[in-house]
Structure formats: C-alpha cells, structure tokens
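Participant: Model the following, please.
(one chain, ligands or ions: 1)
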Amino acid sequence: MKAVVQSRYGPPGEVLQVREIEKPTIREDEVLVRVRAASVHADVWHVVTGQPYVLRIMGAGIFSPGRRVPGTDLAGTVEAVGVKVSRVKPGDAVFGESQRGMQWKNGGTFAEYAAAPESALALKPAGVTFEQAAAAATAGYVALTNLRGKAAVRAGQDVLINGAAGGVGAIAVQFASAQGAKVTGVDRTEKLELMRALGADRVIDHTKEDFTAGDERYDLIFDVASTLSLSRCKRVLRPEGVYVFIGHDHYGRAGRRVLGSIPRAFGLMFRAPFDRHIAMAIATPKKQEVMAELAELLATGKLRPVVARTFPLESVGEAIRDLQEGRVPGRIILTP
Ligand SMILES: NC(=O)c1ccc[n+]([C@@H]2O[C@H](COP(=O)([O-])OP(=O)(O)OC[C@H]3O[C@@H](n4cnc5c(N)ncnc54)[C@H](OP(=O)(O)O)[C@@H]3O)[C@@H](O)[C@H]2O)c1
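Facilitator: Predicted coordinates for the structure are as follows:
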C-alpha cells in the first residue's frame, strides 16, 4: 500500500516521503480500515518535528519515531476485522482514532490502510463526508474530554473559547452552542467570519481587544490557544466560573522546545484541588464513549466540521506547512 513514511524527526518537507510498504496486520480486537480521510493537526506536527523533545521519551521514539507512519485519526471503510471485533463488519463506514492512548506518537493513518482498535471507532453517520468525520475524531476527543465534570457546559452559561477557529476550538464552539450556552469566540482578524459561521454569538479579535480587561463575565473560559494567564482570566470569571487549559505550543513559535506546555499543565493540575476556578481533565473518558458522542453530534447536525482543504498523500509536507502557518480557515485533510 501507499503510505507517508517518516524516517527521522525534522522539518515535514524533509523527513516525510510517500512509499510502498506492507499493509498493517491487525490484532484480534482491531479493525483494518481502508482510509478515505485523515486529519492534519497540531499533534502530527509535534511528532513529525520531534518537538517538544520530551515526547520522544513519552512513547514517540527516542532517536527516531518508533512507528514510521504518521496520523492519529481516520475515516474510511472497514476492510477486515479481528476475531474479537463485534460492533463493526467489513464494508461499514467508520471514523475514529488509531491510537489507544495519547496522540503524541505516530498512529499510521497517513496511508491507504490503517489498523485501529475497535474501541476507538464509531460508525460514520450517513450524510457526513469522510473528510468531515476525520476532522472530528482527534480534535473532538480533545474538546469533549476537556469539557466534562467541573467544565461541563450547561444551557444559559457564558462560555469563552480562546483559539475558537482552530481544530479543537471549532468543535468546542459548536458543542457549547449545542448545549445552549452563549458562546464568545476569540481568534484573529481573518477568522472572525469562520467563528460566526460555527455558531459563536460574539467574536473577539485578539489582536485588537483584550477581553480580560472588559466588562463581560464568563462561566467557562476554554483556553485552547493557551495564551491566557489564569490571574487575568479570574478577573472576568464569575465566582464559580472555571478555566480550562489545553496546552498549545503554536508549532514551535511558543519556544518551549524541551518540555512544551507540560510544566504549565502540571502547575495547574497541582493547584486545581485548592483553586475552584481550575478544571483539569485528569481521568479521561473511554474513546468509545467519546466517539459515540461525536457520532451523535455529527448525525444530528449539531457538529459540522469545516474542511478547508484536502491534499493527496504526496502533498503531506505542504499540508503540514499550511497547518503551521495557520492561514487556512478550517481543517486540513489528507485523502489517501
Ligand atoms: N486538533 C487536534 O486534532 C488536536 C489533537 C490533539 C491535541 N491537540 C492539541 O490541542 C491544542 C490546540 O490544537 P488545535 O488543533 O486547536 O490548534 P490550531 O488549529 O492551531 O488552533 C489554535 C487557534 O488559536 C489561534 N490563536 C493563536 N494565538 C492566539 C491568541 N493569542 N489568542 C487567541 N487565539 C489565538 C490560532 O490562530 P493563528 O492562525 O493566528 O495561529 C488558531 O486559530 C494543541 O496544543 C494540540 O496539540 C489538538
């Protein structure tokens, strides 16, 4: 089969090539999927470049990537199933993740075929394209995992999403709107229209306005761009309002090459028991549960991922460059 192969860590244009390799073999609880679409997102960038360096000792591979084919999510048709698989069968259209755990390692979806655990897949709703379904999987998992428990969105709440036009933010805007919240989206000038189209009730251009200096008050601040200080956010949070930090390194522009956003995430995690304003997703829900929830949101039209551009496997370097530059409004998808 044709696949994108990563030989070492480094610039996407240099370390990725399309080659003919063997189709993956599946374990008894896995599904072989003929991939129709896979998304290009920030964690793919992290693993291809090998930054922050800490990810190399967290499972990605110390000197070079342990698994050679990038990509963590997919949508496609089931080609074959392992003996313990019971929910899907050959011919079914599915979407989801190829990873059992975290996304900071190559998951093999930038290829014509990929193996995925049945537990990380859901049936793709009819009427939703493979591209849209692929755009929802990993970004949707990050969004929905972090909007639970203390950070669960309720009808009537004022919710602010920082970085609302990005991969995770776009899903968070639609999800919060569907829960009946009044959503304020923050991103830059060129993305204001996209945020409105996603369903944001109010939009703020972060290059022109600092909402933490304003008079509006919020029940939830979802900091996907991870550019906000907790103390500034507390100024505009209601007494029981919560702040959620995702951790974004802006494709290396944040400069934290060794540990990335991990120190700040740990700092917030240790403070969380003593600070009512901090919500951290410590125990993550099962992928099967979240994929089912995403499938329902897609099927009911509450979630409509915006696919901006699709690229063939051969243009993977260009696709990652577009992601890194942030110029494309909506998701970037590879179509093997
Ligand atoms: N999407 C996924 O599938 C996925 C999966 C796993 C983990 N994650 C993690 O989640 C985090 C966010 O990912 P993402 O896909 O949402 O990233 P993204 O698509 O790059 O979105 C971030 C958004 O924030 C905007 N932004 C930059 N600076 C800002 C500021 N100062 N104030 C407000 N907005 C600002 C960006 O605009 P510009 O164009 O100006 O930069 C961009 O629209 C990353 O750390 C990533 O590792 C994402």
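
Participant: Please name the nearest non-neighbouring residue to the closest residue to the ligand within the stretch 51-200 of the chain.
Facilitator: Proximity of the stretch 51-200 of the chain to the ligand (Cβ to the nearest ligand atom) peaks at residue 166, 1.8 Å away. To be clear about C-beta, it is placed using only N, CA and C from the backbone, and glycine gets the same treatment. The spatially closest residue to residue 166, leaving aside those adjacent along the chain, is residue 224, at 6.0 Å (Cβ to Cβ, 6 or more residues apart in numbering).

Participant: which residues touch that neighbour?
Facilitator: Residues near residue 224 by Cβ atoms under 8 Å, 6 or more residues apart in numbering: 161-164, 166, 168-169, 172, 246, 248.

Participant: related to what we said a few turns ago, is the residue of the stretch 51-200 of the chain closest to the ligand in contact with residue 187, as I believe?
Facilitator: Yes. In this structure, residue 166 is within contact of residue 187 by Cβ atoms under 8 Å, at 7.3 Å.

Participant: Identify the contacts common to the two.
Facilitator: residue 225.

Participant: What number of residues are in the vicinity of the residue of the stretch 51-200 of the chain closest to the ligand?
Facilitator: 26 (other Cβ atoms under 10 Å).

Participant: Next up, phi/psi of residue 111, please.
Facilitator: Backbone torsions of residue 111, given as degrees, to the nearest 10, read phi -160, psi 170.

Participant: Give me the sheet partners of the host helix or strand of residue 183 and which way each runs.
Facilitator: Residue 183 is part of strand 182-187 when elements are defined by DSSP states H and E. Strand 182-187 pairs in its sheet with strand 158-162 (parallel), strand 202-205 (parallel), by DSSP bridges.

Participant: Show residues contacting it.
Facilitator: 156-166, 169, 173, 176-177, 194-196, 198-206, 211, 216, 218, 225.

Participant: what sits against the residue nearest the centre of the chain?
Facilitator: Compute the mean C-alpha point of the chain, and by Cα atoms, centre = their mean the closest residue is residue 139, 2.2 Å away. Listed by Cβ under 8 Å, 6+ apart, the contact set of residue 139 reads 39, 41, 167-168, 170-171, 331.

Participant: Most neighbours of all those, which one?
Facilitator: residue 170 (35 neighbours).

Participant: hang on, that residue packs against residue 305?
Facilitator: Yes. Contact status for residue 170 versus residue 305: in contact at 7.1 Å, counting by Cβ under 8 Å.

Participant: Give me the common contacts of those two.
Facilitator: Counting by Cβ under 8 Å, 6+ apart, the shared contacts of residue 170 and residue 305 are 330-331.

Participant: Can you flag which of the contacts of residue 224 belong to helices?
Facilitator: 168-169, 172 (DSSP state H).

Participant: restrict those to contacts with the ligand.
Facilitator: Here is what survives when the ones in helices among the contacts of residue 224 are matched to the ligand using Cβ under 6 Å from any ligand atom: 168-169.

Participant: can I get the ones in helices among the contacts of residue 224 in TSV with pLDDT?
Facilitator: Shown next, in TSV, are these (pLDDT from 0 to 100):
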residue	pLDDT
168	96
169	97
172	98
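
Participant: For this structure, which residues are neighbours of the ligand?
Facilitator: So the chain meets the ligand at 39, 41-43, 103, 138-139, 142, 162-163, 165-169, 186-188, 191, 206, 224-225, 227, 246-248, 326 (Cβ under 6 Å from any ligand atom).

Participant: at 5 Å instead, please
Facilitator: Remark: the part of the chain in contact with the ligand comprises 41-43, 103, 138-139, 142, 162-163, 165-168, 186-188, 206, 224-225, 227, 246, 248, 326, using Cβ under 5 Å from any ligand atom.

Participant: Can you show me the strands along the stretch 51-200 of the chain?
Facilitator: In the stretch 51-200 of the chain, the strands defined using DSSP state E, counting those that start in this stretch lie at 73-81, 93-97, 113-117, 121-123, 158-162, 182-187.

Participant: What pairs with the longest one, parallel or antiparallel?
Facilitator: Strand 73-81 sits in its sheet next to strand 30-40 (antiparallel), strand 93-97 (antiparallel), going by DSSP bridges.
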